[in-house]
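*Asks:* Provide a 3D model corresponding to the input given below.
(chains A and B)
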Protein chains: 2
Amino acid sequence: MINHRGPEFAAVMDDVIGGMRWALRTDNDILLYPCSGTGGLEAGVVNLLSPGEQALFCTMGSFGDRWATIGVTYGAEVVRLTVPQGEPIDPEDVERTLAEHPDVTTVFVTHNETSTGVTNDLAAISGVVKSRGKLLAVDSVSGAGCLPLQTDELDIDVLVTGSQKGWMSPPGIAMIAVSAAAFARAKTATSPRVYFDFDREKKYQDKHQTFTTPAVSVMYALQEGLAMLREEGLENVWARHARVGRMIRAGVKAMGMKLLAAEGHRSDTVTAVHSPADSPEALKSLLTTLRTTHSLVLAGGQDSLQGKIFRIGHLGWIDDADAYTILSLLEAGLISTGLRTRGGLAVAAAQAEARGGVAQAEPVTVG
Amino acid sequence: MINHRGPEFAAVMDDVIGGMRWALRTDNDILLYPCSGTGGLEAGVVNLLSPGEQALFCTMGSFGDRWATIGVTYGAEVVRLTVPQGEPIDPEDVERTLAEHPDVTTVFVTHNETSTGVTNDLAAISGVVKSRGKLLAVDSVSGAGCLPLQTDELDIDVLVTGSQKGWMSPPGIAMIAVSAAAFARAKTATSPRVYFDFDREKKYQDKHQTFTTPAVSVMYALQEGLAMLREEGLENVWARHARVGRMIRAGVKAMGMKLLAAEGHRSDTVTAVHSPADSPEALKSLLTTLRTTHSLVLAGGQDSLQGKIFRIGHLGWIDDADAYTILSLLEAGLISTGLRTRGGLAVAAAQAEARGGVAQAEPVTVG
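*Replies:* Reported below is the predicted structural model:
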């Protein structure tokens, strides 16, 4: 550990902030908080909203619901736009909701919903929100650094991400890109806050420090993660996630399972799959077998999706080799639990998808 | 990293919670938050107080002031008991203040004030607070795990500490021991909160999980730090800190410098020293020389003590060898900047103190 108020830490922090600006395509300030992604979501609410202020929360799963709950807790007048799980937010619905609720000052939306494996069309949503002059806050905890994201081009006022996802670091730091308009709003927002206060944090960061003791070891990891992203090139990182996402989905479908997320909005960082088992208990048993016998840790569904789906995370330090490994182990687990009988289908489909992916510049015949 | 909702993480967490109960001498629940110590202080306020509720904040330095600021920010009616920097809180003052303000429901006090190197007499303060039936919240971020502390014997309702101090881990987790009375208070407290909500966190921890993504890598370190404390034995850890504290203070005084903290209340984890230089610039120059030429990183003063004092941290993974190293490097720096001319004084004094320390069971002639 080093003194977090000394020049060595300041150099690490400046490097991380510069890297985050590069990766998020933004000139905005980057605030670094020692907290989880949920802490970042709370920071967005308490700095942008005052009690009684009307705000639109677009929710398509557990993390969108969580953000809306934070809004309600801090006394905002929360307007919800909710879609069935697996569906994206329709920009036309945002347009209509804003027309019906002209007092809404701020729109909160999830970029990539980890609980359902759905990615929103942020550009279209931003177009609607900005044409009406609202502030836009985006939860991109599991999207940024993996999926194409242009923070300044989309005029995003508060963009929240977390060290443990695309940044290939342990959990412990939320990174928040804050626009000048968001800082201006924070000056008048009356929700009580100290730990998550934007203005206080910025005053310290302008002196190359943080308000409270930073998560130093995670900061080192973040610096290295950003260096790795720079070396690979951001467009290559995005292309790699897109290719691995297609491979995973092709493999899952080849095993006869169905995806939760709607076609055209399937996430390239997490895939949610309808349970191939006939009961929540059988699904739990499959996940346990995968973990204990096949060394593959997959997540179940959250909240109302518990027992109904499982999820495959494929972001950060991941490539084709990992996709083949995940699919092979999953297929082996399905066979050993009697849910499937034939092997090799998933990898064959993923291989074909990878060939197609490689061949985007120069088409080849696939299959 | 491992799945933080799986059995492997649950085992780590259970071990950490068991270790924290052992180290804090408590049967209370231990809540683990991914945040800095300041986040833990905010958790104490928002779960115990409602807007308009009267609370006493005993402040003897920057961290006490910070806690009171959090109280004000969340709308509590804050009664302050402030003492000059370097002085401890006098339990009789607490008694008198509580008599003058019978509506106070809760007392917030710093165990060990990092900004001034003062340790409070928690037992006496607790006696006063508890005889009047108030809740007691204690900031022991830089005390717990190093200084004698009996959470349950002192009937402390909220005890906040942080991974980066006595627990020998990187920063990133605040550990909070919460009494049944504190949980009961939290049920009715109306300060808005989600991230720091005790009740929500406890519901998850009862399922061997955390509400949001935990700081997994710091949790591993905490598990190892606690194992090391268990191996050494807590009384031995306390005795080691007491001895090193005496050695550091003896060495500093032997170099002709003066301690900020009042006699009898000097901290065994951090020593604040009046500047030996004749200006803030000369002190800054000394600290820079120590850092760049002598590889010794010391902290300056915070807030109103900036330019007036420097501070030596001596807690966690520290022993006699470190005390000699620190004192030797400091003395070398004082000589190289022309503030002192003779060497060896500090180490000689510390050696004598260590002999006295070792000899507590069997007295020897010292000096």
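*Asks:* Would you list the phi and psi of residue A:319?
*Replies:* phi -150, psi -170 (degrees, to the nearest 10).
*Asks:* now residue A:316
*Replies:* As for residue A:316, its main-chain torsions (degrees, to the nearest 10) stand at phi 80, psi -120.
*Asks:* Same check on residue A:155?
*Replies:* The phi and psi torsions at residue A:155 (degrees, to the nearest 10) take the values phi 60, psi 50.
*Asks:* Which residues are in contact with it?
*Replies:* For residue A:155, the set of contacting residues under the criterion of Cβ atoms under 8 Å, 6 or more residues apart in numbering or on different chains consists of A:126, A:130, A:136, A:179. Backbone N, C-alpha and C define where each C-beta goes, glycine included.
*Asks:* Now render those as TSV, adding distance to chain B, pLDDT and neighbour count.
*Replies:* Compiled in TSV, the contacts of residue A:155 are given as follows (distance: Cβ to the nearest Cβ, whole Å; pLDDT from 0 to 100; neighbours: other Cβ atoms under 10 Å in any protein chain shown):
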residue	distance to chain B	pLDDT	neighbour count
A:126	26	98	21
A:130	28	98	16
A:136	21	98	24
A:179	23	98	22
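*Asks:* Among these, name the ones in strands.
*Replies:* Among the contacts of residue A:155, the members falling in strands (DSSP state E) are residue A:136.
*Asks:* and of the contacts of residue A:155, the nearest to residue B:259?
*Replies:* Among those, residue A:179 lies closest to residue B:259 (Cβ to Cβ), at 47.7 Å.
*Asks:* What is the burial count for residue A:206?
*Replies:* Residue A:206 is surrounded by 9 other residues when neighbours are defined as other Cβ atoms under 10 Å in any protein chain shown.
*Asks:* I'd guess residue A:109 is in a strand, am I close?
*Replies:* Yes. When DSSP: H, G, I helix; E, B strand; the rest coil is applied, residue A:109 is found to be in a strand.
*Asks:* which residue sits closest to it in space, ignoring its chain neighbours?
*Replies:* Counting by Cβ to Cβ, 6 or more residues apart in numbering or on different chains, the nearest residue to residue A:109 once its immediate chain neighbours are dropped is residue A:58, at 4.4 Å.
*Asks:* Equivalent analysis for residue A:141, please.
*Replies:* Once chain neighbours are set aside, the closest to residue A:141 by Cβ to Cβ, 6+ apart is residue A:37, at 3.8 Å.
*Asks:* my guess is the one you found meets residue B:213, correct?
*Replies:* Yes. If you go by Cβ atoms under 8 Å, residue A:37 and residue B:213 touch, sitting 6.4 Å apart.
*Asks:* joint contacts of the two?
*Replies:* Common contact partners of residue A:37 and residue B:213 (Cβ under 8 Å, 6+ apart): residue A:162.
*Asks:* okay, those two: which has more neighbours?
*Replies:* A side-by-side neighbour count of residue A:37 and residue B:213, using other Cβ under 10 Å, places residue A:37 first with 27 against 23.
*Asks:* That one and residue B:292, how far apart?
*Replies:* When distances are taken as Cβ to Cβ, to the nearest Å, residue A:37 and residue B:292 turn out to be 38 Å apart.
*Asks:* Same check on residue A:234?
*Replies:* Relative to residue B:292, residue A:234 is positioned 37 Å away (criterion: Cβ to Cβ).
*Asks:* Just want to know which of those two has more residues nearby.
*Replies:* Under the neighbour definition other Cβ under 10 Å, residue A:234 and residue B:292 were set side by side, and residue A:234 has more, 16 against 10.
*Asks:* residues in contact with that one?
*Replies:* Contacts were defined as Cβ under 8 Å, 6+ apart; by that measure residue A:234 touches A:22, A:23.
*Asks:* In terms of pLDDT, where does the nearest residue to residue A:3 once chain neighbours are set aside sit?
*Replies:* Residue nearest to residue A:3 in three dimensions, not counting chain neighbours: residue B:297, with 4.8 Å by Cβ to Cβ, 6+ apart. Per-residue confidence for residue B:297 comes out at a pLDDT of 95.
*Asks:* just to revisit the earlier point, the residue nearest to residue A:109 falls within a strand, correct?
*Replies:* Yes. In this structure, residue A:58 lies within a strand as judged by three-state DSSP.
*Asks:* How many residues are close by it?
*Replies:* Other residues near residue A:58 number 26, with proximity taken as other Cβ under 10 Å.
*Asks:* so what's it up against?
*Replies:* When the contact criterion is Cβ under 8 Å, 6+ apart, the partners of residue A:58 are A:64, A:81, A:89, A:94, A:107, A:108, A:109, A:110, A:120, A:125.
*Asks:* Could you report the distance from the second one to residue A:22?
*Replies:* When distance is defined by Cβ to Cβ, residue A:81 is 32 Å away from residue A:22.
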